[in-house]
Structure formats: structure tokens, C-alpha cells
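J.: Model the structure of this input:
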Amino acid sequence: MKKIISTSFLILCHIFCYSQKDTVAEQYGQTITAGDLSKHLHIIASDSMAGRETGDKGQKMAAKYLAEQFRTDGLTPIVKTDSGMSYFQKFKLMKKEWGAVTLNFKRRKKEWLKDYYAYGDVSTTEEERMRVVFVGYGIDSEKYSDYYDEFAGQKNAQPLDVKGKAVIIFMGEPVINKISLVTGDTIASDWANDWRRKASTARAKGAKQVFIIVGKTQEDFEKRLKQLKPHLGAPTLGFTHKQRAGSAFFISISMAAEMLNIKPEHFPKILELRAKNLTTFKTKFPYPATPQGIIIKVNVPVKQTPVYTENVLGYIEGSDKKEELIILTAHYDHIGKEGDKIYYGADDDGSGTSALLEIAEAFGKAKKEGHGPRRSILIMPVTAEEKGLMGSEYYTDIPVFPLKNTVADLNIDMIGRLDNDHLTNPDYVYLIGSDKLSTQLHNISEQANKTYTNIELDYKFNKPDDLNRFYYRSDHYNFAKNNIPVIFYFNGVHADYHQPTDTVDKILFDKMAKITRLVFYTAWELANREDRIAVDVNVK
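T.: Numbering: from 1, shown residues only. Okay, the predicted model is just below:
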């Protein structure tokens, strides 16, 4: 009983103490101002930066500006180079421009960007022939796997051989009576909407190409293609240190059925058969659970050009817990120019980048005045987010500090505008991911807001069934998939998203300042609390 009372007392004491304002934290939090944010953003989203396209002159200028601000604020360069320590984590990408892409089967040629499209590294050096095989949802987890050939209970089933073949995969996951067979409950798994994971799993098992079915009808595919078409066929970027995890063709359910020699209306029964893991359907249904399709011919010629870019890293060393690290990220790249049109990216993500600079100044000033953090802080504006979260993925692949020492990532992406749901209430922010790996992180975030900022925390996009999939669409995700707790701060999309009209004059700097302070106070608590937050949940 004494032990219970003692533990409860300590918990209550911590909550009570933290609910009282830390005057030191507040002192430095108040150095974050709308005026300073405006000063930084007017430079970052200026004409001279020309939209900060990855690898272009404007992106390089932005990187130099960020490094100079880190130097001014006393942050330490931490990247080792042949000439000394640097603020820049440099890496090379390959710009890939597709030539005449062809896909043929049944003596017919399918039309590129009409019948199918692609993302990632699907290139070939010559025309390749391969047989098509259906692998359901493309999931390979402990409780459920699609990589078995027929079913008599997976213990007796033989692994499905996909080596050298083209695999066809549905999005989603198997659900019976509203229960996911992957998670064992009503909460969807992280497999459900992560096509990149499905594609990389298939390739790891030897698949030569991956085809993802878009939607449930031909109309679903055509609608998605129309949305994406302005961006498809344009040059893409790939890593040089590895093949990207997400590389796939995207097709309609009608084309998938044609490739498998079945009818589209048979897919639901085939998926049901696979999900229930039974063979009894065979007497009632003429198609196997794993239909083998036709031979297809694929040719994807690619011209490659090197592109050089860099993340910018500013470091503040902690005191007694300096081996542990809090990372704060935002992407400073945008999508550049189109002719004479500049895509300024003031909100996306000049706003988050400017916020990082203000947070860096606040922590740097605290350090200079003898109030440095217990845990170390890494402020990291990342590059190539608009190319597929590539800067943050490079860091998590080749980290400067061991990922096991990273306590959390706080990621800021678009915090300067309003979406249609908050036109009458500017004091809000969407929080995404705060409770998916650590309940303590979520509670610390909530308490920081109650104690200091009192803005509306909207969790609309944090729901597992969010159709926008924002949890997977910014740089925090590369940390989350490495089991590092994250929070993504976001204001939602608006009419100027990815348009030349995303300009500084539309930014609400007072709103930005409040959200930036919330991030700072959350980071301050994470850096200075006695215990490292625990990874105690897994809700993706």
C-alpha cells in the first residue's frame, strides 16, 4: 500500500508541477515572435529562392541561410566531413526521366498515363517478360500473410514463389466482422494504406514488378489518374545508396482482372477465400485463392542525371542526458518554378522552416545563458520532402546519431494558414501521430498546450481511417516507422496548396507564433524531464 501511495504521489506531483508554468521555459518561449517569423519567411519564400526545388540554386541558397542562422544562434555543426564539421548532411540523388514506357499483353499495347501510371524505381534496361500472380493485399505480418500458395491453414501452406514475377496487390487489409486479421481488433494496421511497404515487401521476396490496384471500380482509377496526371510522367528522384521502398505501377481493377484472366466481380470472393484461409470454397467457386495470370512484357527506359542536395543540421548538446536526442524537423524544399511561375511555398513549408529557426534561437539563447537542455536537441530542416520524404528517409537510413537514442521527432509542416473548417477560429492546429507510439508524448503535448498556449488541438486527421493519409505524408513518418514517437503539426490544406499563390502575404504570423511556441514548450519538457518517454503503444 505504501508503495502504491508513494507512486501515486509522485505522478500527481509531476502533473501538478508541470501544470504550473516553468518561468524559465516561458522566458525563452516568449522570444518566439510573429515579427521574427515574418522576417525569416520573407527571405525563405522570396523571389530569389525561386521555389527551393531540390538540387536547384534556390534550395542551396535556402540551405546556406539556415546554416548561417544556426551559426548566429550558437548551434553546433555536427556532420563530419573531410574538411571538418559541417551543418550540411550532403547526399546524391539520381534524377530519372522516363522514356517510351511500354506494357504489352494479349498482343495489345496498354497506353501509358491512360491505362496505367507509375511511381518510383520501376525502370528496366530492356524489355522484360514476366508472369503475373495475385497476392491479395500484399501483407506479410505475424498474424496474417498473403505470401502463401493456397490455404489449408498457414501452418501447412507452402510459401508463395513470386521471384521474377509481376505481383498484383489490393490496397487495404483483410477484415471479417469488422475485425482486422492483421491487428486482431477493430483498429486498422499500418499495412492498410501503406502501398510503399507492400511494394517493398514484394520486391524483397523477389518480385520483378509490382502492380497496385487503385480503388474498387474503373471510375475510381480514372478519377485518381485525373487528379495526379499533371504530376505524372515528370522526372522523379531516386536514392543512390539503395532502391526506394516504394516502386510500383498503378492500374484499374479491370486491367488487373484482365492480367489475371478473371472477371473484376470475382475479386471480392477471392479476397474472402484468402482472408478466411479456407479451401472449402473451391467446390463452389471456380477460381483459386492465388490466380496465376498471363505473361506480360514491360519496358521502362530511364535517363539518369545526378542531383546533389543536403539536410541542414543544427545541434545543441545536452547536459546529464546528452546521449538522448530530441529532433525537430520541417522541410525547407518546395516544387520550384514552372516557366516564369514561382511556387513560393510560403506555407508549405516555409512556415515550418521559419518556426524551426525561431525554436533554434530560443534553445540557443537558453544554452548561452546557462539554461541548456538536459537531453540534446537536433534542429533539422530537411530537403526533398516534396520528392517523397527523401531527406528525412536519408537521415533515418544514415543517421548522425543512433536512432535508438532518439526520443521523439516533432515535425512542423504548414502552420501559417487556415483551412475551411477553421475560418472563424485561427487558434487551432491539427495534431497527428501524438498517441500512436507513446501515450506519454500525447499527454505531454496536451499539458503543454493547457499550461502555455491554449489553442484548439484538432485530432481529425489522426484517425486511423483518415482518407487523406496525412500521417504518412510528411517527414515524421520516417521516424515513426523506426518506432520513434512523433507529433506532426499541421494547419490543413487550402486553395493555394502547391500553387504559385502560396505566398507570404497570406500567412497569419500570430497564429504561427502560438503553434511554434507550443512545439517549443513540448520539446522543452521532453528534453528536461527526468524519464525518457516510453514507447508503450503501436497504433498506426
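
J.: my guess is residue 220 meets residue 213, correct?
T.: No - between residue 220 and residue 213 there is no contact under CB atoms under 8 Å: 9.3 Å. Glycine gets a C-beta too; all of them are placed from N, C-alpha and C.

J.: Find residues that contact each of these two.
T.: Common neighbours of residue 220 and residue 213 (criterion: CB atoms under 8 Å, 6 or more residues apart in numbering): 252, 253.

J.: Pick out whichever of these two has more residues nearby.
T.: residue 213 (23 against 14; other CB atoms under 10 Å).

J.: measure the more buried one to residue 98 for me?
T.: Residue 213 is 22 Å from residue 98, where distance means CB to CB, to the nearest Å.

J.: repeat for residue 232
T.: Residue 232 is 10 Å from residue 98, by CB to CB.

J.: Do you have the strands of the stretch 1-150 of the chain handy? List them.
T.: 79-81, 84-86, 88-98, 102-105, 108-110, 116-119, 128-134, 148-149 (DSSP state E, counting those that start in this stretch).

J.: sorry, that was for the stretch 351-500 of the chain
T.: 375-382, 406-412, 428-432, 456-458, 486-490.

J.: what's around residue 106, how many residues?
T.: Counted with other CB under 10 Å, residues neighbouring residue 106 total 11.

J.: What of residue 187?
T.: Applying other CB under 10 Å, I find that residue 187 has 15 neighbouring residues.

J.: Same question for residue 251.
T.: Residue 251 sits with 23 neighbouring residues when counted by other CB under 10 Å.

J.: wait, it sits on residue 215?
T.: No - applying CB under 8 Å as the test, residue 251 and residue 215 come out as separate, 10.4 Å apart.

J.: Quickly list what's touching both of the two.
T.: residue 221.

J.: my guess is residue 311 meets residue 380, correct?
T.: Yes - Residue 311 lies in contact with residue 380 (CB under 8 Å); the separation is 5.9 Å.

J.: which neighbours do these two share?
T.: Listed contacts common to residue 311 and residue 380 are residue 395; contacts here mean CB under 8 Å, 6+ apart.

J.: Minimum distance to residue 428: which of the strands of the stretch 1-150 of the chain has it?
T.: Residue 428 sits nearest to strand 116-119 of all those, at 32.5 Å, using CB to CB.

J.: picking that back up, could I get the strands of the stretch 351-500 of the chain as CSV with distance to residue 43 and mean pLDDT?
T.: Output for those, formatted as CSV (distance: least, CB to CB, whole Å; pLDDT from 0 to 100):
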stretch, distance to residue 43, mean pLDDT
strand 375-382, 13, 98
strand 406-412, 18, 99
strand 428-432, 24, 98
strand 456-458, 30, 98
strand 486-490, 22, 98
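
J.: secondary structure class for residue 244?
T.: The three-state assignment at residue 244 reads coil, by DSSP: H, G, I helix; E, B strand; the rest coil.

J.: and it, how far is that from residue 386?
T.: 15 Å.

J.: These two: who's more crowded?
T.: When residue 244 and residue 386 are compared for neighbours, residue 386 comes out ahead with 23 against 19, by other CB under 10 Å.

J.: Verify the stated contact: the more buried one with residue 335.
T.: Yes - Residue 386 is in contact with residue 335 according to CB under 8 Å; the separation is 5.3 Å.

J.: residues bridging contact with these two, i.e. touching both?
T.: Common neighbours of residue 386 and residue 335 (CB under 8 Å, 6+ apart) do not exist.

J.: Name the nearest residue to residue 303, sequence neighbours excluded.
T.: Excluding its sequence neighbours, the residue lying closest to residue 303 (CB to CB, 6 or more residues apart in numbering) is residue 97, at 4.6 Å.

J.: Revised request: answer the last question for residue 416.
T.: Per CB to CB, 6+ apart, closest to residue 416 is residue 351, 3.6 Å.

J.: what's the burial count for the residue nearest to residue 303?
T.: For residue 97, using other CB under 10 Å, the count is 13.

J.: now do residue 338
T.: 10.

J.: can you list the domains in the chain?
T.: Domain ranges of the chain: 22-93+307-528, 100-300, per automatic domain parsing.

J.: winner for burial among those domains?
T.: domain 22-93+307-528 (a mean of 21; mean count of other CB atoms under 10 Å).

J.: starting at the chain centroid, how far to that domain?
T.: From the chain centre to the centre of domain 22-93+307-528 is a distance of 14 Å (CA atoms, centre = their mean, to the nearest Å).

J.: ends of that domain, how far apart?
T.: Between the opening and closing residues of domain 22-93+307-528 lies a distance of 11 Å (CA to CA, to the nearest Å).

J.: Select the helix or strand of the chain having the lowest average pLDDT value.
T.: Sorting the helices and strands of the chain by mean pLDDT, DSSP states H and E puts helix 2-19 at the bottom, at a mean of 46.

J.: ok, back up a step: could you dump the domains of the chain into JSON lines with distance to residue 534 added?
T.: Below are the domains of the chain laid out as JSON lines (distance: least, CB to CB, whole Å):
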{"stretch": "domain 22-93+307-528", "distance to residue 534": "6"}
{"stretch": "domain 100-300", "distance to residue 534": "19"}
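
J.: Least confident of those domains, on average?
T.: Among these, domain 100-300 carries the lowest mean pLDDT, a mean of 86.
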